[in-house]
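[1] below is the sequence, then the predicted model.
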Amino acid sequence: MPANVFDKKLEKKQISYDMFAAQLLIENGNVTMSFESTEIHHWKKIEKITSDVDSELSKNVVKNNGQIETSTKQELTNSTQHELSAKQKRTKLAHQSSGQKDDQIHNRVESLQIALVEMAETNYDLERQVDSTNSQLNISQSKIEDLAKLNDSNLLIKTLEGELMDLRDKHSTGVIERKGPIFK
């Protein structure tokens, strides 16, 4: 608002206050008081009203500042509570996570123990199969040895048969050379 408009409004108010004061003085019979003193009195009233308004405004400002400070404190408290709540949630999640990890570890240990038992059983079965295979191999080895002996016997028999045939041939021809016993 421009200053001159404000001054004009103030002048109008001043004139109305002055006229009101003059009317009051005349009505109350206080004619001894001059118009100027009434004007000064009203100016003092205006100043008092202005100072009252200023003090009210300053009280409101102080009050509002207090409310702002209180709201700031509440916001800080709320923020701190929010941080504490978040921290508690993180701690709770960490405990849950830790508990879940403990459960996972426990389950993993149990599954590993079961796997170890199964592996031990499988190992025992494999050892039995190896023993069985070894005994079969030993039997087969002895059979091979027996077959080798039999083969040697067969060779000896063939050799003897061959010598016997030679002897027959020589006997039939009449030429026998005897050098020693045939069988040792």
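    The structure has been received and is ready for your questions.

[2] what's the neighbour count on Ala148?
    Ala148 is flanked by 10 other residues according to other CB atoms under 10 Å. The way it works is simple: take the backbone N, C-alpha and C, and place the C-beta from them, glycine included.

[3] now swap in the one 10 residues further on and tell me
    The criterion is other CB under 10 Å. On that basis, Lys158 has 10 neighbouring residues.

[4] what of the one 3 residues further on?
    The local packing count at Glu161 equals 10, with neighbours defined by other CB under 10 Å.

[5] which residues touch stretch 117-131?
    The contact list for stretch 117-131 (CB atoms under 8 Å, 6 or more residues apart in numbering) is empty.

[6] tell me which element Met165 falls in.
    Counting by DSSP states H and E, the element that carries Met165 is helix 35-173.

[7] now do that helix, average pLDDT.
    Average pLDDT, helix 35-173: 74.

[8] quick thing: my sequence starts at 17, can you match it?
    Shifting the count to begin at 17 puts that one at helix 51-189.

[9] distance-wise, check Asp119 relative to Ser148.
    When distance is defined by CB to CB, to the nearest Å, Asp119 is 43 Å away from Ser148.

[10] whoops, Glu137 was the one
    Relative to Ser148, and taking CB to CB, Glu137 is found at 16 Å.

[11] also Lys174?
    From Lys174 across to Ser148, the span is 38 Å (CB to CB).

[12] can you check Tyr140 too?
    Per CB to CB, Tyr140 is found 13 Å from Ser148.

[13] ok, now Leu142?
    Leu142 is 10 Å from Ser148, by CB to CB.

[14] for Cys183, grab the count of nearby residues.
    Quick fix: residue 183 reads Leu, not Cys. With neighbours defined by other CB under 10 Å, the count for Leu183 comes to 13.

[15] any idea how far it is from Asn170?
    Taken as CB to CB, the span from Leu183 to Asn170 is 20 Å.

[16] also Ser151?
    Distance from Ser151 to Asn170, by CB to CB: 28 Å.

[17] cool, and Glu143?
    Distance check for Glu143 against Asn170: by CB to CB, it reads 39 Å.

[18] just Glu137 next, same as before
    According to CB to CB, Glu137 and Asn170 sit 48 Å apart.

[19] thanks a lot, see you next time.
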